[in-house]
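K.L.:
Take a look and give me a structure for this.
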Amino acid sequence: MAARTRKSVPETRQVLVILSNRFRPLDEPRFLEIRCQSDGTILEEKRLRRAPAKPIYDEVWENNDARQSLDSCKSVKRHYKHPLIKPKP
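P.N.:
Numbers count the residues shown, from 1 in each chain. Model prediction:
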């Protein structure tokens, strides 16, 4: 009897992207919630109305070059110990 092989399902993760403006610190930052695969393919992008309150994200990225959207960003920095990253089990 042949062993069954399972198709590998790509793991998805939730990422919070913070778009802020370091040139005008009084401008409110924009928050984007992204659902992407483990290889970096973006599946869904949603703009949030306000800053999230609960730590439910796998990663947090930030761009402070006064960009309006993720498409126009040239570089994004990852925050490793951000308060909105969900705790490891």
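K.L.:
if you average pLDDT over stretch 78-89, what comes out?
P.N.:
Averaged across stretch 78-89, pLDDT comes to 90.
K.L.:
how far does it stretch from start to finish?
P.N.:
21 Å (CA to CA, to the nearest Å).
K.L.:
what's in contact with it?
P.N.:
16, 52, 54-62 (CB atoms under 8 Å, 6 or more residues apart in numbering). Where C-beta positions appear, they are placed from N, C-alpha and C, glycine not excepted.
K.L.:
And stretch 64-71, by the same measure?
P.N.:
17, 19-24, 27, 30, 32, 34, 45, 63, 73-76.
K.L.:
sorry, back to before: out of the contacts of stretch 78-89, which end up buried?
P.N.:
16, 57, 59-61 (16 or more other CB atoms under 10 Å).
K.L.:
Which members of those occur in helices, if any?
P.N.:
Judged by DSSP state H, these include no members of helices.
K.L.:
Just flag the most distant two among those.
P.N.:
Y57 and W61 (9.6 Å; CB to CB).
K.L.:
What count of nearby residues applies to I42?
P.N.:
For I42, the count of nearby residues is 11 (other CB atoms under 10 Å).
K.L.:
Tell me which residue lies nearest the centroid of the protein.
P.N.:
V15 (2.2 Å; CA atoms, centre = their mean).
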